[in-house]
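# sequence and predicted model, in that order:
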Protein chains: 2
Amino acid sequence: MKRTSIKDVATKAGVSITTVSRALNGYSDVSEATRARIMEVARELNYAPDVNARALGGMSETTIGLIVSDLQHSDYSNMAFGVISGVYHACVENGCEFILLATDVARQGKQNFLQLCRKKNLDGIVAMGLRTDDVYYKEVLKGYLPCALIDINKMGKNLCNISVDNIRASKEAVQHLLALGHKHIGMINGEKVADVSKERYSGYASALLDADMVLNPDYVIYSDFKEEVAREEVKELLKNNPEITAVFCASDLMAIGAIQGIEEMGLRVPEDISVVGFDDIPVARYVGNGLTTIKQDPYIMGNMAGKIAYQMVMKEKVPFQMQAPYELVERGSTGPLKK
Amino acid sequence: MKRTSIKDVATKAGVSITTVSRALNGYSDVSEATRARIMEVARELNYAPDVNARALGGMSETTIGLIVSDLQHSDYSNMAFGVISGVYHACVENGCEFILLATDVARQGKQNFLQLCRKKNLDGIVAMGLRTDDVYYKEVLKGYLPCALIDINKMGKNLCNISVDNIRASKEAVQHLLALGHKHIGMINGEKVADVSKERYSGYASALLDADMVLNPDYVIYSDFKEEVAREEVKELLKNNPEITAVFCASDLMAIGAIQGIEEMGLRVPEDISVVGFDDIPVARYVGNGLTTIKQDPYIMGNMAGKIAYQMVMKEKVPFQMQAPYELVERGSTGPLKK
DNA sequence: CTGAAAGCGCTTACAG
DNA sequence: CTGAAAGCGCTTACAG
């Protein structure tokens, strides 16, 4: 299928390629009659300008790349998908191009981030799920290009962080438990090095301190955001601290693991132990009588990030960080303290 | 940030751009010394060839577009995400480019499919979730470009369909119920017009006929693949046909709805009614004691489709259709018939 | 309102 | 082994 070019349109319409270009790009200095004829011919021929040639000619579309650390086979948490969809739609709304980039480690070695950006002609970036040990982590944060970060709490030139207010959200979660009468509240946290882990701990601590309670370091364990790990370690936590009646988990996945572990100990949720999660992943509604959790919306976060990235590309002033909405969703995994 | 071009590299390395181009593209007719120097300079400058210029110059990367009917905000079923990831990785493995295209209806009107392909310089297509009423539906099926179809059962030039064997899989699901002793088995199907609905019905019917049972048209209802609809309509089904003790659903989502409806009637799953789904979506494990279902793997399907599309672009011979693996997963929603 | 010509950054015969 | 030059399909001053 030979590609139809601007020349074909010009010839068939009996004008120069210059005029075709201007007509198709909507410039005003073309007579209506000529424009109409050109449009007609273009439609007949199913003509669409070659995007590469356009770019080289100086009309490059602004394009935003979404860089994710690794595309898994499935997206249990809906985090990756929601963000992809959110950024995609932000691009559509802004009339810019969207490119999905997964940074498998092998390729990070062969081509550095700046080269990647140049190769793909990127104007702006949205980054999510980068880990501190990703080769691209530092490079992205240098801010060569405008970059919106999802859940990566770094500030700097050309950088804007989008996330929920993890501290306040976690505080609310724990205050919910306090309001139910719980006095001994444990926490199952994610990896110690992750920014969000620190923030969510901070909210947990703040809620307890505000309630004039003491912080017991034994009450906090780190389960790496993994279901299986939480499942095992919650047993240790409860065995060592039998006075605990409620657990705040830094992710739903860990909360699900925790519930399994709790039930394996012969305890019931929420009668014996109340559990709160974080994220509101799709399965949260279905676990037992439903998981009480902090809901955040990956689509909204991706969409915000996409729009912010675009604004940064357009040289608009944007804040260093923006807060995405969250919400405590009460379901069946929490209940009042039994006297 | 001024882009560094091949000229910059040539100047700094003291050679012509011709030589730079050949060195970087790995041609053999460049002396090792020269090549080494050029590579060195290129790295220093973080040079990466402009992909647009390359394409125009004749080295266009082959690129495969994944066209989905609509990118939802979340992907409860993991179908969209799994396919995206699968196609993406197929492209990475084949060293070709990946483009995600969501065909929001508004844009389908303004730009036809062929124009879209030309604009994006697509060489091959993977299509999923197109509905018969999508403007692009017919256009994609014309086979202008090599096209791998996921769950769209059409044959033709430049077309290859990838899906599980819906008939056999559905038959197995129903045979599982028969083996448990059930004699009166209903079916909750998707939209009547969908190809997969027809195929899954066909498997259901085949299993019953093989077992010398009669097909009762009253036993089959159409719930449009929607959880809420199934939830309501299953009640009618069971009220009108109280002898039914098992239901085969053409999707997990409808199965989940059905279970809710059944429980709202005061019946229990599986003691009173056994339920089988189709898909094995992430929540299937968590619904009640787990949903018995036919597992299919969106990642594998996407990956197969991506590879097939690439092969078609490379003019390799491919079959008209390929079958993706499936598997009956037995969980707690099915049990033996109570006498 | 329209067209001839230069230029975007590459690749690739072609000549040496 | 290396380079000057043409060409890919567009856009955009510039001239008329």
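All right, it came through fine.

# and chain A, which residues reach DNA strand C?
A:15-19, A:22, A:28-35, A:53, A:56-58 (Cβ under 7 Å from any atom of the strand). Just so you know, the C-beta spots here come from the backbone N, C-alpha and C atoms, and that holds for glycine as well.

# after the helix or strand of chain A with the lowest mean pLDDT, next one along is what?
One helix or strand of chain A scores below all others by mean pLDDT, DSSP states H and E: helix A:105-110, with a mean of 66. Where DSSP states H and E defines the elements, the next helix or strand beyond helix A:105-110 is helix A:113-119.

# which of the residues in that next one are buried?
A:F113, A:L114, A:Q115, A:L116, A:C117, A:R118 (16 or more other Cβ atoms under 10 Å in any protein chain shown).

# could you list every residue that touches the closest residue to DNA strand D within the stretch 151-300 of chain A?
Closest contact between the stretch 151-300 of chain A and DNA strand D, by Cβ to the nearest atom of the strand, is at A:N158 (25.4 Å). A:N158 makes contacts with A:G143, A:Y144, A:L145, A:P146, A:C147, A:M312, as judged by Cβ atoms under 8 Å, 6 or more residues apart in numbering or on different chains.

# out of those, which comes closest to chain B?
A:Y144 (6.8 Å; Cβ to the nearest Cβ).

# you'd agree that closest one is in a strand?
No. Assessed with DSSP: H, G, I helix; E, B strand; the rest coil, A:Y144 is coil; it does not lie in a strand.

# state the number of residues packed around it.
18 (other Cβ atoms under 10 Å in any protein chain shown).

# quick one: residues contacting it.
Contacts of A:Y144 (Cβ under 8 Å, 6+ apart): A:F113, A:L114, A:C117, A:N158, B:M1.

# next: A:D297.
Going by Cβ under 8 Å, 6+ apart, A:D297 touches A:G82, A:A324, A:P325, B:H73.

# hmm, back to that, nearest to DNA strand C, of the buried residues of helix A:113-119?
Looking across the buried residues of helix A:113-119 and measuring by Cβ to the nearest atom of the strand, the closest to DNA strand C is A:R118, at 7.8 Å.

# ok, and the closest non-adjacent residue to that closest one?
B:A48 (4.2 Å; Cβ to Cβ, 6 or more residues apart in numbering or on different chains).

# one step back: which among the contacts of A:D297 end up buried?
A:G82, A:A324, B:H73.

# in helices, which of the residues you listed fall?
Among the buried ones among the contacts of A:D297, DSSP state H puts A:G82 in helices.

# what about the residue of the stretch 201-339 of chain A found nearest DNA strand C, distance to A:A90?
Nearest to DNA strand C, among the residues of the stretch 201-339 of chain A, is A:V313, at 18.5 Å (Cβ to the nearest atom of the strand). Distance of A:V313 to A:A90, given as Cβ to Cβ, to the nearest Å: 12 Å.

# ok, those two, which is more surrounded?
A:A90 (24 against 20).

# does that one really touch A:I300, like I thought?
No. Between A:A90 and A:I300 there is no contact under Cβ atoms under 8 Å: 10.5 Å.

# residues in contact with the residue of the stretch 201-339 of chain A closest to DNA strand C?
Per Cβ under 8 Å, 6+ apart, neighbours of A:V313: A:T62, A:I64, A:C96, A:D123, A:G124, A:P146.

# now for the residues you listed, which pair is the farthest apart?
Farthest-apart pair in the contacts of A:V313 is A:C96 and A:P146; separation 12.1 Å (Cβ to Cβ).

# so what's in contact with those two at the same time?
Going by Cβ under 8 Å, 6+ apart, residues that sit against A:C96 and also against A:P146 are A:D123, A:V313.

# and the gap between A:V193 and A:V135?
Distance, A:V193 to A:V135, using Cβ to Cβ: 17 Å.

# more crowded one of the two?
A:V135 (16 against 11).

# from chain B, how far off is the more buried one?
Per Cβ to the nearest Cβ, to the nearest Å, A:V135 is found 14 Å from chain B.

# quick check: residues of the stretch 201-339 of chain A near chain B?
Within the stretch 201-339 of chain A, the residues that sit near chain B (Cβ under 8 Å from any Cβ of the partner chain) are A:P282, A:V283, A:Y286, A:V287, A:D297, A:P298, A:Y299.

# about what we covered before: dump the contacts of A:V313 to TSV, plus neighbour count.
Below are the contacts of A:V313 laid out as TSV (neighbours: other Cβ atoms under 10 Å in any protein chain shown):
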residue	neighbour count
A:T62	17
A:I64	29
A:C96	19
A:D123	21
A:G124	25
A:P146	25
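
# sitting in strands, which of the residues you listed do you find?
Among those, the members falling in strands (DSSP state E) are A:I64, A:G124.

# looking at the contacts of A:V313, spot the one nearest A:T334.
Nearest to A:T334 among the contacts of A:V313: A:I64, at 39.9 Å, using Cβ to Cβ.

# how about the strands in chain A?
A:63-68, A:97-102, A:124-128, A:147-150, A:159-164, A:185-189, A:220-222, A:246-249, A:274-279, A:292-296, A:321-324, A:326-329.

# pick the most deeply packed of those strands.
Greatest average neighbour count among the strands of chain A goes to strand A:246-249 (a mean of 30), per mean count of other Cβ atoms under 10 Å in any protein chain shown.

# neighbouring strands for that strand, and are they parallel or not?
Note on strand A:246-249: by DSSP bridges, its sheet partners are strand A:185-189 (parallel), strand A:274-279 (parallel).

# ok, residues contacting it?
So strand A:246-249 is contacted by A:170, A:173-174, A:177, A:180, A:182, A:184-188, A:204, A:230, A:234, A:237, A:255, A:258, A:273-278, A:334, A:337 (Cβ under 8 Å, 6+ apart).

# let's see it at 6 Å
A:173-174, A:177, A:182, A:185-188, A:204, A:255, A:258, A:274-277 (Cβ atoms under 6 Å, 6 or more residues apart in numbering or on different chains).

# now stretch A:98-115
Counting by Cβ under 6 Å, 6+ apart, A:63, A:65-69, A:71, A:88, A:91, A:120, A:135-136, A:139, A:144, B:46, B:48, B:100 sit against stretch A:98-115.

# mind checking how far A:I185 is from chain B?
25 Å.

# which strand residues bridge that residue?
Beta-bridge partners of A:I185, as defined by DSSP bridges: A:A246.

# ok, it touching A:L178?
No. With contact defined as Cβ atoms under 6 Å, A:I185 does not count as touching A:L178 (7.4 Å).

# contacting residues for A:L149?
Counting by Cβ under 6 Å, 6+ apart, A:L149 touches A:A127, A:N161.
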